[in-house]
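In: Sharing a sequence plus its predicted fold:
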Amino acid sequence: MSNEQTTLPKNNISSPLVEQKTSYTTPEEKLSMSSIQDLIKQSWPVYKSNFKKLIGMILLPMLAFIALGILFLLLGVSGLFLFKDMGETGGLIIKVLFGMIALGGIIFGIIISVIAQAGLYILIKNSKENITVKEAFLRAKKIAGKFFALNLLIGIFVMLWSLLFIIPGIYMALMYSMAVWIFIYEDIRGTAAIKKSKELVKGYWGAVFWRFLAVYLLFYLIIIIPSILFDNSGFEILWTIAAQVISFLAAPFFMIYQCFMYWDLKRVKGNNQ
C-alpha cells in the first residue's frame, strides 16, 4: 500500500481532495471502482469541513433574488407616486419600467446562479485550501460563460437522445456525467469535455449507474417514507418543509460524491485518461 505522495503505477491515480491509499495492480488487470461505501466515506469529511462555505455559495443566488425583489418593490411604489397623476401615460411608463427591471432582474439572477453553481465546483476542487466563498465566486466568474455553455450543450444532447426513448437519454446522461468535472480539473471545454467523459465512463457505465442509483435511491427513501407513514396528518406538512431543507443541505454532498467518482474513474482508467 502507498499514499498519494508515493510514485504510483501508470494505472493508478488518486483524488487531490483528500489523501487516499491506492493498491498496485498489473497493467492487464481491469481495476474495479471503489465501493459505494468507500465513496461515501471519502466524500463525508470534505462535505463536513466545507459545509458552511458550500451552503453560503448556494445561498448567494437566493440573497440576490431577495435584494432584487426589494428593489423591484421600492421602485414600483415610488413609480406609483411619481406617475399617478399622468393617467394612461403614467401607467404606460410604469409598465415599461417594470418590464425592463423584471427582464434585467431575471438576467442578473441567472448570471448569479450560474456563477454560484460554478463556485460550488471551485470550492470542492480547492477543498484542501483555505479558499473563501468570495474568492471562489470571483474565480467562478472567469469560467461562468464556458461552464454555462457546457451544461447547456449537455442538456441539449441529453434531450435529443431522450427524444428517441427514455433509456438512451439515461444512458447518455451518465456517459456525459463527468464532463463538467473534466472541464473544472482539466480545462477541457465543450464537445471535447463531453467526448472525454464518454471515454472515461466507457466500460464502467454499469458501475457508475449503480453508484449513482444507490445513493440517490437511499436519499429519496429517507425523504419519502416518513411522508407515506404520516399521510394526511399535520406532520406531513412539517415533513414536506423539512424534506426541502434536507434536499437543499444534501445537494453539495452529491456533488462531492460525484467528484470522487470522477477521480475514481481516473484511477481505474489510468493517468492517460
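Out: Good, I have the coordinates.
In: Near the nearest residue to C259 once chain neighbours are set aside, how many other residues are there?
Out: Spatially, and ignoring its direct neighbours in sequence, C259 is nearest to I124 (5.5 Å; CB to CB, 6 or more residues apart in numbering). In short, each C-beta sits where N, CA and C put it, glycine included. Other residues within reach of I124, judged by other CB atoms under 10 Å, total 24.
In: Touching, I124 and Y257? I think so.
Out: No. Contact between I124 and Y257 fails when scored by CB atoms under 8 Å: they sit 10.3 Å apart.
In: before we move on, the earlier item: what residues does the residue nearest to C259 make contact with?
Out: With contact set as CB atoms under 8 Å, 6 or more residues apart in numbering, I124 has these partners: L17, V46, N50, L54, P252, M255, I256, C259.
In: where's it, which helix or strand?
Out: For I124, the host element (DSSP states H and E) is helix 87-125.
In: In the helix or strand following that helix, which residues are buried?
Out: The helix or strand immediately downstream of helix 87-125 is helix 133-164, counting by DSSP H and E. Applying a neighbour-count criterion of 16 or more other CB atoms under 10 Å, the buried positions in helix 133-164 are 133, 136-137, 139-140, 143-144, 147-148, 150-151, 153-154, 157-158, 161.
In: same thing with stretch 212-228?
Out: F212, V215, I223, P226.
In: Point out the least confident one among those residues.
Out: Going through those one by one, the lowest pLDDT turns up at P226, 74.
In: What separation do you get for the nearest residue to it once chain neighbours are set aside and I246?
Out: Among residues not flanking P226 along the chain, W239 sits closest, at 5.0 Å (CB to CB, 6+ apart). As defined by CB to CB, to the nearest Å, W239 lies at a distance of 10 Å from I246.
In: repeat for I225
Out: Distance, I225 to I246, using CB to CB: 13 Å.
In: returning to what we had before: which of the contacts of I124 are buried?
Out: The neighbour count (16+ other CB under 10 Å) marks L17, V46, N50, L54, P252, M255, I256, C259 as buried among the contacts of I124.
In: with the residues you listed in mind, which one is nearest to A116?
Out: Nearest to A116 among the buried ones among the contacts of I124 is L54, at 10.6 Å by CB to CB.
In: distance between the helix or strand A193 falls within and the chain's centre?
Out: With elements delineated by DSSP H and E, A193 resides in helix 190-201, which encompasses its position. Here the centre of mass of C-alpha atoms in helix 190-201, compared against the chain's by CA atoms, centre = their mean, to the nearest Å, lies 18 Å away.
In: Stretch 155-171 now?
Out: 20 Å.
In: Alpha carbons of that stretch, as CSV, please.
Out: Presented in CSV, the C-alpha positions along stretch 155-171 are these (Å, rounded to 0.1, in the frame of the first residue of the first chain):
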residue,chain,number,x,y,z
GLY,A,155,-28.7,19.4,-21.7
ILE,A,156,-29.4,19.7,-25.4
PHE,A,157,-27.6,16.4,-26.2
VAL,A,158,-29.4,14.5,-23.4
MET,A,159,-32.8,16.0,-24.5
LEU,A,160,-32.1,14.9,-28.1
TRP,A,161,-31.2,11.4,-27.0
SER,A,162,-34.3,11.3,-24.8
LEU,A,163,-36.5,12.0,-27.9
LEU,A,164,-35.6,8.5,-29.1
PHE,A,165,-36.6,7.0,-25.8
ILE,A,166,-36.0,7.5,-22.1
ILE,A,167,-33.4,4.7,-21.9
PRO,A,168,-31.0,6.3,-24.5
GLY,A,169,-31.4,9.5,-22.6
ILE,A,170,-30.5,8.0,-19.3
TYR,A,171,-27.6,6.1,-20.9
